[in-house]
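Novice: Model the following, please.
(4 chains)
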Number of protein chains: 2
Amino acid sequence: MSTGGAEDTAADTDTGRQAWLRTVAADVARLDRSSSAERAADILRRSITEGALPPGAQLSEVELTEVLEVSRNTLREAFRLLTHEGLLVYKLHRGVFVPELDEHDVIDLYRLRRVLEVDVVRGLADRDPELPGGRLEPLHDDVEAAEAAASADRWPAVGTANMRFHQHLIGLADSARMDAMTGRLLAELRLLFHVIATPRELHEPYIARNRGLFELLEARKYEQAAADLHQYLLDSEQGILTAFRDKGLRPPATT
Amino acid sequence: MSTGGAEDTAADTDTGRQAWLRTVAADVARLDRSSSAERAADILRRSITEGALPPGAQLSEVELTEVLEVSRNTLREAFRLLTHEGLLVYKLHRGVFVPELDEHDVIDLYRLRRVLEVDVVRGLADRDPELPGGRLEPLHDDVEAAEAAASADRWPAVGTANMRFHQHLIGLADSARMDAMTGRLLAELRLLFHVIATPRELHEPYIARNRGLFELLEARKYEQAAADLHQYLLDSEQGILTAFRDKGLRPPATT
DNA sequence: CTTGCAGGATTGTTCAACAATCCCTACGCT
DNA sequence: AGCGTAGGGATTGTTGAACAATCCTGCAAG
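Specialist: Model (predicted):
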């Protein structure tokens, strides 16, 4: 999130110096981060959500300590982080694995998404006056990002943009706990996408629907938006469920 | 928590044996527990939720390693556990503290409670036929436990029973993620109770209301129950907020 | 009154080691 | 041969000590 790009080298004016201080502060904030453990967690999170680590894969400790160049203890803290995000599961004395979600999880996840997101949209009506103007800006950006990615045939990027759309939608509620929950829910959902063979059919229909949703919100037709969103999520759930069954779900092996 | 609706895997056992296996599995799961870290976390969790560690208190590492008889690394893993439950907060390079929630948190927590609990009750109508008979049993037990504790003037115990009532209420939805979220929400809520001077006024009104709610559920008047619950939670929120303001929130502390 | 700087205390992180547990294989028994 | 069982090897769980980085406190100087 770079603000105005300030590549001024010799400018020592007051305003220039303040801008410099702000960039430094941003850098510090980014590097601070409780450091090693969270940095390792970031890398692992990306590997998982981008599919490099498929569901069911085991994460060996010694192997990852070498790759990530962190101690085993620090790595375990990173594991704990991701465990509580739902991106990893611990099996006692056996190690950590990327979880394999099944249809029951899909239903569970979508039930929560419907409850939270629809409620957020409905709740917007009650506080419409106090909503600042640029509040819908991030949603608009996400819609355009999805459309751009679609034109470039980058369907995973479309999925990412669509997810950010929903994250930003929840963000309208100004609820830290809802934000955190949604982050976890969407991370788990991303886990499911990797068992889908055709990401295009999965994501394409929702580009236009996201734009429609955005326009409804912009027009302050909140009740209509809520109803649309409800059906939207039902359809999305069905899409994933059918793709899941076509793909030939692996029945519970030994667990 | 399983609904017994498991797939017909193998018909070589009857229901009696399955029940026995489940009790053993529960025992094993309780004793196993990934051990040290989670055991330490359990002790700390109880100390926090029962008020031994008041909001704002700092948890020294060396001090607790001696008391809990675990290594510093293990203790830190326990800290991480509790951090992600919202019962502890990390301040970088300064240590872990019991969080001090404010009115904004109360509003946030109750907003989520309303969304989740009301939706669960409403959702019961759709699957009324498939609900087994004894499903409301735990709720009934909690109601009676609260009434018994009230007769004995044990108001903190009343609060505990009331909370279990709500946890069991959410449990009716058979959603593992809702259960987990509710556990976190109620734990945070308990944090708030300790700044309230008079637990009696806080908990007493809701004993009868819980019983009323239970009876509505038993009579399958789900829509009415949902409406009651909504108002119930609004009232409870107001009670905490006013108690909070009367108590005179103390921002400055020791500086 | 503010500023700057040591000192001590606490946290962040790493390392190496040992104990406990699981998986797999090979052995012995009926 | 089939089956239960013991052993070996690998991996995880936990510990303790050590060092670096950071914060807080108190004191001295301007």
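Novice: show me the contacts for the closest residue to A:Gly51 other than its chain neighbours.
Specialist: In space, A:Gly51 comes closest to A:His194 once its chain neighbours are excluded; the distance is 4.6 Å by CB to CB, 6 or more residues apart in numbering or on different chains. All C-beta atoms are positioned from the backbone trio N, CA, C, and that covers glycine. A:His194 is in contact with A:51, A:54-55, counting by CB atoms under 8 Å, 6 or more residues apart in numbering or on different chains.
Novice: can you list the residues of chain A near DNA strand C?
Specialist: Taking CB under 7 Å from any atom of the strand as the test, the list of chain A residues beside DNA strand C reads A:34-37, A:65, A:69-74, A:92-94.
Novice: Tell me how chain A divides into domains.
Specialist: According to automatic domain parsing, chain A comprises the domains A:33-97, A:103-246.
Novice: I'd like those as a markdown table, with mean pLDDT appended.
Specialist: Formatted as a markdown table, the domains of chain A follow (pLDDT from 0 to 100):
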| stretch | mean pLDDT |
| --- | --- |
| domain A:33-97 | 88 |
| domain A:103-246 | 94 |
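Novice: Tabulate the ones you listed in CSV, adding columns for distance to B:Leu81.
Specialist: Putting the domains of chain A into CSV (distance: least, CB to CB, whole Å) gives the following:
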stretch, distance to B:Leu81
domain A:33-97, 7
domain A:103-246, 16
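Novice: and DNA strand D, which of the ones you listed is closest to it?
Specialist: domain A:33-97 (3.5 Å; CB to the nearest atom of the strand).
Novice: Briefly note if the closest one comes near DNA strand D.
Specialist: Yes. With CB under 7 Å from any atom of the strand as the criterion, DNA strand D is reached by domain A:33-97 at A:58-62, A:72-73, A:76, A:90, A:92-96.
Novice: Assumed A:Val96 was part of a helix.
Specialist: No. With DSSP: H, G, I helix; E, B strand; the rest coil as the criterion, A:Val96 is located in strand rather than a helix.
Novice: residues in contact with it?
Specialist: Under the criterion of CB under 8 Å, 6+ apart, the contact partners of A:Val96 comprise A:58-59, A:79, A:83, A:88-90.
Novice: Could you identify the most distant pair in those residues?
Specialist: By the measure CB to CB, A:Gln58 and A:Thr83 form the most distant pair in these, at 13.9 Å.
Novice: between those two, who's got more neighbours?
Specialist: Summary of the neighbour comparison: A:Gln58 and A:Thr83, criterion other CB atoms under 10 Å in any protein chain shown, with A:Thr83 having more neighbours (17 against 12).
Novice: Once you drop chain neighbours, what's closest to that one?
Specialist: With sequence-adjacent residues excluded and distances taken as CB to CB, 6+ apart, A:Thr83 is closest to A:Tyr90, at 5.9 Å.
Novice: neighbouring strands for the helix or strand containing the one you found, and are they parallel or not?
Specialist: Counting by DSSP states H and E, the element that carries A:Tyr90 is strand A:89-91. Taking DSSP bridges as the criterion, strand A:89-91 sits next to strand A:95-97 (antiparallel) in its sheet.
Novice: Following the chain past the partner strand, name the next helix or strand.
Specialist: Tracing the chain C-terminally past strand A:95-97 and defining elements by DSSP H and E, one meets helix A:103-126 next.
Novice: That following helix relative to helix B:103-126, how many degrees between them?
Specialist: Between helix A:103-126 and helix B:103-126, the angle formed by their directions is 120 degrees, by axes from the mean of the first three to the mean of the last three CA atoms, to 10 degrees.
Novice: in the next helix or strand after helix A:103-126, what counts as buried?
Specialist: From helix A:103-126 onward toward the C-terminus, using DSSP H and E, the following helix or strand is helix A:137-151. Neighbour-count burial for helix A:137-151, with 16 or more other CB atoms under 10 Å in any protein chain shown as criterion, is recorded at A:138-140, A:142-143, A:145-147, A:149-150.
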